[in-house]
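K.L.:
build the 3D model from these lines:
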Amino acid sequence: MSHKSGYVSIIGKPNAGKSTLLNAILGEKLSIATSKPQTTRKKILGIHSSENYQIIFLDTPGIMNPEYLLQHRMLEFVAQSVKDADLILFILDAEADSNGTKAFEDETVQRLMNENATPKILLINKIDVSRQETIEKLVEQANAKGWFQKIIPISAIKSVNTKTVVESILEFLPEHPKYYPDDQLSDENERFFVSEIIREKVFEIYREEIPYSTEVEIEEFAEREGRKDYIRASIIIERESQKPIIIGDKGSTIKKLGRTSREAIEAFLQREVFLELFVKVKEKWRSNPNMLNRFGYKAESDD
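P.N.:
Model (predicted):
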């Protein structure tokens, strides 16, 4: 029996549901997802294996007009994932973009679509809260663009039509042996996912600009025999004035961050941990190439 394997890039505007879709297909919470846009900053690889196929998903940051170097690097991750892919899944938020203009008319989207001959499937997301007329209008506009080989209405959060998505992906994947062992879910290590979990909690707890100015660095991750694993993490911010916001009155907010992060980390790792959080100021880190490289936002041109 033939075996199919390939890379599938999930792209779209911020908050369209890319990470939610990946998690729904994998049946695991691999990619962090919050109600705030631009939660995903890096290219997250998620592996979906079955007896006869292996789909390697690339979850990407939302497509936006970059305002500072970090966002430029995030957009580079999107462009690179599209180049590496055997298939592109473009996910559209039917509610946020009910007339298609935000996504279909975006210059970066048009460039990515027109410059890549890779097969493309459009996923119209959030049909559980959208009107049928809206869906039909978006399908009509998408057909007029001529970019997509298939159009599938879905609800990522309700796992509606996710099986159809997988079946459709397999139509476009090449015959190839598996790239990864069956039990492997990603190519990232535990430190990476721990930092992502803490960053997710920052997005959930803090408001306005704070989450976007914040990075999480794991400084120590020690597995200890007969004791809880020890994790020391730094919350990196851009300005001294942000420090009291992160810490909160008498340390209340950072304690909440520590507690909710620890609970989520333990659920992910399936073991107990001792988590210590510290706050560090790195002025304008989002525009500093050296700092971005250190935090894993490395440009392809720097290789």
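
K.L.:
tell me, how many residues neighbour residue 274?
P.N.:
For residue 274, the tally of surrounding residues (other CB atoms under 10 Å) stands at 13. C-beta coordinates here come from the backbone N, C-alpha and C atoms, glycine included.

K.L.:
do residue 194 as well
P.N.:
Neighbours of residue 194 under the rule other CB under 10 Å: 23.

K.L.:
now do the contacts for it.
P.N.:
Each residue near residue 194 by CB atoms under 8 Å, 6 or more residues apart in numbering is listed here: 218, 221, 231, 233, 265, 268, 269.

K.L.:
what kind of secondary structure is it in?
P.N.:
When classified by DSSP: H, G, I helix; E, B strand; the rest coil, residue 194 comes out as helix.

K.L.:
what's the separation between it and residue 256?
P.N.:
Remark: distance between residue 194 and residue 256 (CB to CB, to the nearest Å) = 18 Å.

K.L.:
in three-state terms, label residue 9 for me.
P.N.:
Residue 9 - assigned by three-state DSSP - is strand.

K.L.:
burial count for the closest residue to it other than its chain neighbours?
P.N.:
Computed as CB to CB, 6 or more residues apart in numbering, the closest residue to residue 9 that is not its neighbour in sequence is residue 85, at 3.8 Å. The tally of other residues near residue 85 (other CB under 10 Å) stands at 23.

K.L.:
just the one 4 residues further on next, same as before
P.N.:
Other residues within reach of residue 89 by the criterion other CB under 10 Å amount to 25.

K.L.:
report the next helix or strand after the one helix or strand it maps to in sequence order.
P.N.:
Per DSSP states H and E: residue 89 is located in strand 87-93. The helix or strand immediately downstream of strand 87-93 is helix 101-104, counting by DSSP H and E.

K.L.:
determine the set of other helices and strands touching that following helix.
P.N.:
If you count contacts as 3 or more CB pairs under 8 Å, 6 or more residues apart in numbering; DSSP states H and E, helix 101-104 packs onto helix 132-145.

K.L.:
with just CA atoms, put the helix it packs on into PDB.
P.N.:
What follows is helix 132-145 as a C-alpha-only set of coordinates in PDB (Å, rounded to 0.1, in the frame of the first residue of the first chain):
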ATOM      1  CA  GLN A 132     -25.200  31.000   5.500                       C
ATOM      2  CA  GLU A 133     -25.400  34.100   3.300                       C
ATOM      3  CA  THR A 134     -22.000  35.200   4.500                       C
ATOM      4  CA  ILE A 135     -20.400  31.800   3.800                       C
ATOM      5  CA  GLU A 136     -22.000  31.800   0.300                       C
ATOM      6  CA  LYS A 137     -20.700  35.300  -0.500                       C
ATOM      7  CA  LEU A 138     -17.100  34.300   0.600                       C
ATOM      8  CA  VAL A 139     -17.200  31.200  -1.500                       C
ATOM      9  CA  GLU A 140     -18.300  33.200  -4.500                       C
ATOM     10  CA  GLN A 141     -15.500  35.800  -3.900                       C
ATOM     11  CA  ALA A 142     -12.900  33.000  -3.400                       C
ATOM     12  CA  ASN A 143     -13.900  31.300  -6.600                       C
ATOM     13  CA  ALA A 144     -13.500  34.500  -8.400                       C
ATOM     14  CA  LYS A 145      -9.900  34.800  -7.200                       C
END
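
K.L.:
one step back: roughly how far does the residue nearest to residue 9 sit from residue 58?
P.N.:
7 Å.

K.L.:
again, but for residue 235
P.N.:
Counting by CB to CB - residue 235 and residue 58 are separated by 27 Å.

K.L.:
for residue 107, same thing?
P.N.:
22 Å.

K.L.:
the more surrounded of those two?
P.N.:
residue 58 (24 against 9).
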